[in-house]
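[1] Dropping a prediction and its sequence here:
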Amino acid sequence: MKARWNGVTVAESDATRIVEGNHYFPPGSVHREYFSDSATTTMCPWKGDASYYTLDVGGAKNVDAAWYYPTPKDAAAEIKGYIAFWRGVEVTE
């Protein structure tokens, strides 16, 4: 699977985990140079508290375009630290 935004592959892996239709990429499969921490957090009743990253590709920013669960609830333990995308990021095979 590949995650692309603004013409650049920001993550690539053949070991994503699918939860609720979203591909979660292993932490080591993302190109960190395009990611910066965001102060945004949200809470999912069964997965726990999510944290976000902003993508910066070629000077264009996509705020909170990626999320992950640093300390998920037990039901979502399999995606601890894995990163998913939205907000125009294309995830394809």
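    In hand now; what should we look at?
[2] switch to C-alpha atoms for all contacts and neighbour counts from now on
    Will do.
[3] Quick one: residues contacting Tyr52.
    Asp37, Ser38, Ala39, Thr40, Thr41, Asp64, Ala65, Ala66, Trp67, Tyr68 (Cα atoms under 8 Å, 6 or more residues apart in numbering).
[4] To clarify, my last question referred to Ala75.
    Applying Cα under 8 Å, 6+ apart, one finds that Ala75 lies in contact with Trp46, Lys47.
[5] circling back: can you lay out the contacts of Tyr52 as JSON lines showing pLDDT and neighbour count?
    Listed next are these as JSON lines, based on pLDDT from 0 to 100; neighbours: other Cα atoms under 10 Å:
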{"residue": "Asp37", "pLDDT": "98", "neighbour count": "14"}
{"residue": "Ser38", "pLDDT": "98", "neighbour count": "16"}
{"residue": "Ala39", "pLDDT": "98", "neighbour count": "9"}
{"residue": "Thr40", "pLDDT": "98", "neighbour count": "13"}
{"residue": "Thr41", "pLDDT": "98", "neighbour count": "14"}
{"residue": "Asp64", "pLDDT": "98", "neighbour count": "21"}
{"residue": "Ala65", "pLDDT": "98", "neighbour count": "20"}
{"residue": "Ala66", "pLDDT": "98", "neighbour count": "23"}
{"residue": "Trp67", "pLDDT": "98", "neighbour count": "23"}
{"residue": "Tyr68", "pLDDT": "98", "neighbour count": "22"}
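[6] Let's see which of the residues you listed end up in strands.
    Asp37, Ser38, Ala39, Thr40, Thr41, Asp64, Ala65, Ala66, Trp67, Tyr68 (DSSP state E).
[7] Throw the residues you listed into a markdown table and include distance to Ile79, thanks.
    A markdown table is the format used below for these (distance: Cα to Cα, whole Å):
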| residue | distance to Ile79 |
| --- | --- |
| Asp37 | 18 |
| Ser38 | 19 |
| Ala39 | 20 |
| Thr40 | 19 |
| Thr41 | 16 |
| Asp64 | 18 |
| Ala65 | 17 |
| Ala66 | 14 |
| Trp67 | 11 |
| Tyr68 | 8 |
